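Participant: Got a predicted model here, sequence first, then my questions.
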Amino acid sequence: MTEEAKGREFTDAELQDLVASTDSGGRSPENRNVALFISATAFLWSVFQLWIAQPQLWFAKYLPVMNSSQTRPVHLGFAILLAFLAYPALKRSPRNRIPITDWMMAAVGAGCAFYVFLFSRELAMTARSGLPTQTQIIIGAVGIVLLLEASRRALGPALTIVGGIFLLYAYMGTGWLIPDIIEHSGLSFTAIINAQWLDTTGVFGIPLGVSTAFVFLFVLFGAILDKAGAGNYFIQLAFAGLGALRGGPAKAAVVGSAMTGLISGSSIANVVTTGTFTIPLMKRVGFSSEKAGAVEVASSVNGQIMPPVMGAAAFLMVEFVGISYVEVIKHAFIPAVISYIALVYIVHLEALKKDMPALGEAANLGRMFLKIAIGFVVTGAAFTALVYGVQGLRAAAPAIADPVVMVAIVVAYVWAVRTAARHPDLMLDDPNAKKFTLPTVAEVFPTGLHYLLPILVLVWFLMIEMQSPAKSAFYAVAVMLMIIVTQRPLKAMFRGESTGDAARAGICDLIEGMIAGARNMIGIGVATAAAGIIVATVTKTPIGTELAGLVEVLSGGNLMVMLLLIGVFSLILGMGLPTTANYIVVSSLMASVVVTLGAQEGLIVPLIAAHLFVFYFGIMADVTPPVGLASFAAAAVSGGDPIRTGFTAFFYSLRTVALPFLFIYNPTLILYGVDLGTMAGMMQAVFVFCVATVAMLLFAAATQGYFLAPSKLWESAALLLVAFTLFVPGFWLDRIQPRFNELPATQLAAAFDDASPGDTVRFVVAGPGFTDGKLTQLTLVHTVADADPATGRADAAGLLLMPEGDKLFMDEPMFGTPYQEKLSGFDFYTDQRVEVVSLLSPAHRMPKQVFYLPALLLLALVVMMQRRRQTKPAF
């Protein structure tokens, strides 16, 4: 380990260079015209994205309309152009100038993308009809090569290598490294280029479409919000609220990173932004360099799972799973919140173990949690009153409702800025100063109330208006543009200062925010495009349909073993891939396999649970040693060992590793099947949240070896057992009572017809597998819809049932029905027939919550034993 990697704290300039090299490109040309060209290109990219996102406002009729097949190539063209200009080819390549070769590759790469835009109509009549020209094939081949090179520069070699392997597999089809189960005859060079570049399913497919339509606007929103000063405000607010607790800087780092994660999709930028302030203060109260860095890494990385603005992968879920973004937020909310609560508790336990002091007069953690809970209740009540107020206004005076709301927003904004102007602007103190004074909430909170307004607008349009993520983000960005331009001159006016310089500074902030947003998108743009290569290969070759059989062989048909394999695969892949690319690759290959193998075990795994499983392991990409970049960034700030920092951060993140397994086996944890539109559903959600929070705190205490006092081995094991029981009480109930009663399969058609809309019918199908002919079982769940006919529902669903005596056989489902895909793993054309072996009716069982009682009794025993050894307050 060199001195540069260990024991040396980096300067602010070196840290900013680290972030730039990773997120926005490390090249800073000395030639002013070249620097202006890069900045102007980035600014134009942001303007283009705002143009195509504007939701048909009054001036829309003056702007040409572009469809997705036109916007995606332009989006990629900007990304490739900036990737070659902003990222040097190698570490030893010049950073103060752009070599002529990079100019040429930038121009050619962007040109290949813009060609798809300029000749979209011609491509529709030729390549996309299966008749590509020689010129189109050459342009596509050059474009793919340059895209992979741009990906290597912006993201490292991993995605380029993976993309290259998938292209080779698509071309060759067979070889000594390719298992027999996924062999194929190989695609021609022309067919590959056509599918990957000239068609709309490869590079220009769904991942790039999500990047174009959704992700850019959210990244731009975060960049402008940060440029306006919201990042500093959130950090100061976290320290004002939590800094006085035992080990307070670490708790403030967790909460500050959670709030900063709202505006920064980059864990590395989050580490450096908040870490330069929090890490020295954590070391000041007793955290080692490695533990201080690890706390910052664990909290910064988890920012990507925190609603309402999650990482780019969350927007891809919308397309891959086929649900709304609001549904994604609903499913992700409880795991994200309890994960952060558990991390606060982990650093609290670290502070107790080391008897760390507080910064200033010590406060009580329990009392602080109570205040936060009260704050949530008050905020929720105020938001509910606002919802009913606006809805009432629209019902009473629909013609003037929207103008009144807009005026109210402007008035609220001016009032918030006037309130902020009465206080001095927030400045971060030097964390290394001999005397550090904690700010108070009363001092900090009023200075940034206007930063909450665009977040409120975003949440309003997402959750209340139920608008698309793109339209919601557009309105939030529009409000943010107004704020960043006007906040400085308004403050100056209220303070009686000159507004001219302030107005110019506001415009400069706007331009810099637009440029920063575009530069932060370079890596995501090329990553989603390059990942499209994997998605297209999966759909064009047998690997997509046959991988289930391969994984089943490796896992022995055991779902838990397969989940472990997928987790390890994600972690290995995550050593070189950012979260978004990792999620695209693994979910394309594995998400449906989880659902299929779960069904074979009789466990119905929701598709969203499988995707969240992959997503959670994907966010570990920036933590996992030995390559986790966020850990290296934190070590650069703390002066600690980056490898030890990474391992400690991974240990702190065990809760993030455990949660995906838990919601696979207990989907209620992600509120699957919980109707939040009813009071009963809301109460169930609150109950699930409370129980899951307690369980996660006990899990954290078990893994830290400290609860009320240092834990003995059996006490940690007992806490783990209690936590598991609270998370998945049905596991023990299944050991005692069966979940379903088996009825004769011949009653299936009648069960379909007797069920009421919304009811489910569960049945088991057995037959020869399509790939290996081995007997395979699959559990299916059919939900009766309101539109289903009163009788003959099985036929209407596409099921071709053939009763013979006391048996019920099946023919291949009707083409185009959902059951054709669900039963595609069976071979209907062999001598061994596919059969419905049983109809499953829910059994009358005791409530699974009964097992909470012995769990709580065991917890009480641990508490009683530890209270005898307790020497410090638990909170």
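Facilitator: Nice, I can see it.

Participant: Check the gap between P768 and F383 for me.
Facilitator: 56 Å (Cβ to Cβ, to the nearest Å). Every C-beta, even on glycine, is put in place using the N, C-alpha and C of the backbone.

Participant: The two - which one has more neighbours?
Facilitator: The neighbour comparison of P768 against F383 (other Cβ atoms under 10 Å) goes to P768, with 20 against 15.

Participant: Toward the C-terminus, what is the element adjacent to the helix or strand of the chain with the lowest mean pLDDT?
Facilitator: One helix or strand of the chain scores below all others by mean pLDDT, DSSP states H and E: helix 12-19, with a mean of 61. As assigned by DSSP states H and E, the chain's next helix or strand after helix 12-19 is helix 32-53.

Participant: So what's the residue count around G805?
Facilitator: 6.

Participant: Let me know the pLDDT of it.
Facilitator: Looking at G805, its pLDDT stands at 87.

Participant: quick one: contacts for it?
Facilitator: If you count contacts by Cβ atoms under 8 Å, 6 or more residues apart in numbering, G805 has none.

Participant: cutoff 10 Å now
Facilitator: Neighbour list for G805: T746 [criterion: Cβ atoms under 10 Å, 6 or more residues apart in numbering].

Participant: do the one 3 residues further on as well
Facilitator: With Cβ under 10 Å, 6+ apart as the criterion, the residues that contact L808 are 744-749, 763, 765, 801-802, 835-839.

Participant: one more time with 7 Å
Facilitator: Residues near L808 by Cβ atoms under 7 Å, 6 or more residues apart in numbering: A745, T746, L748, L801, E835, V836.

Participant: my guess is it is in a helix, correct?
Facilitator: No: L808 is assigned strand when assessed by DSSP: H, G, I helix; E, B strand; the rest coil, not a helix.

Participant: For it, list each beta-bridge partner.
Facilitator: Beta bridges link L808 to P803, V836 when assigned by DSSP bridges.

Participant: Quick one: mean pLDDT for the helix or strand M683 falls within?
Facilitator: Element membership of M683, judged by DSSP H and E, is helix 679-704. Helix 679-704 shows a mean pLDDT of 89.

Participant: Buried ones in that helix, by neighbour count?
Facilitator: Using 16 or more other Cβ atoms under 10 Å as the test for burial, helix 679-704 gives 684-685, 688-689, 691-704.

Participant: Kindly report the same for stretch 841-850.
Facilitator: Within stretch 841-850, the residues scored as buried using 16+ other Cβ under 10 Å are K848.

Participant: which residues are contacting that stretch?
Facilitator: With Cβ under 7 Å, 6+ apart, stretch 841-850 has contacts from P729, G730, L733, Q737, P738, R739, F740, N741, L743.

Participant: Now, of these, which are buried?
Facilitator: Using 16+ other Cβ under 10 Å as the threshold, P729, G730, L733, F740 are the buried ones among those.

Participant: G209: which of those residues is nearest?
Facilitator: G730 (38.7 Å; Cβ to Cβ).

Participant: Okay, the closest one and F315: tell me how far apart.
Facilitator: Relative to F315, G730 is positioned 32 Å away (Cβ to Cβ).

Participant: now do A240
Facilitator: Distance, A240 to F315, by Cβ to Cβ: 33 Å.

Participant: okay, the two: which has more neighbours?
Facilitator: F315 (26 against 18).

Participant: okay, and for the stretch 301-450 of the chain, where does confidence drop off?
Facilitator: Flagging of the stretch 301-450 of the chain using pLDDT under 70 yields the residue ranges 309, 311, 358-366, 428-436.

Participant: In it, mark out all the strands, start to finish.
Facilitator: Taking DSSP state E, counting those that start in this stretch to define them, one finds no strands in the stretch 301-450 of the chain.

Participant: And the contacts of stretch 250-261?
Facilitator: Stretch 250-261 has contacts (Cβ under 7 Å, 6+ apart) with 231, 234-235, 238-239, 242-243, 245, 270, 273-274, 278, 282, 287, 295-296, 299-300, 303-304, 306, 340, 343-344, 347-348.

Participant: Now for this structure: which helix has the highest residue count?
Facilitator: Looking across the chain with DSSP state H, the single longest helix is helix 365-396.

Participant: Could you list every helix and strand that it packs against?
Facilitator: Counting contacts by 3 or more Cβ pairs under 7 Å, 6 or more residues apart in numbering; DSSP states H and E, helix 365-396 packs against helix 398-421.

Participant: how about a cut-off of 6 Å?
Facilitator: Packed against helix 365-396 by the contact rule (3 or more Cβ pairs under 6 Å, 6 or more residues apart in numbering; DSSP states H and E) you find no helix or strand.

Participant: Off-centre distance for that helix?
Facilitator: 26 Å (Cα atoms, centre = their mean, to the nearest Å).

Participant: So what angle separates the directions of it and helix 398-421?
Facilitator: Counting by axes from the mean of the first three to the mean of the last three Cα atoms, to 10 degrees, helix 365-396 lies at 150 degrees to helix 398-421.

Participant: ok so V142 is a strand residue?
Facilitator: No: in this structure, V142 is helix, not part of a strand, as judged by three-state DSSP.

Participant: which residues does it contact?
Facilitator: C112 (Cβ atoms under 6 Å, 6 or more residues apart in numbering).

Participant: switch the cut-off to 10 Å
Facilitator: M105, V108, G109, G111, C112, Y115, I193, W197.

Participant: Most neighbours among these, please name it.
Facilitator: W197 (31 neighbours).

Participant: Need the nearest residue in space to that one, chain neighbours excluded.
Facilitator: Nearest non-adjacent residue to W197, counting by Cβ to Cβ, 6 or more residues apart in numbering: G140, 3.4 Å away.

Participant: right, and the one you found touches V116 too?
Facilitator: Yes: with contact defined as Cβ atoms under 10 Å, G140 reaches V116; the gap is 8.6 Å.
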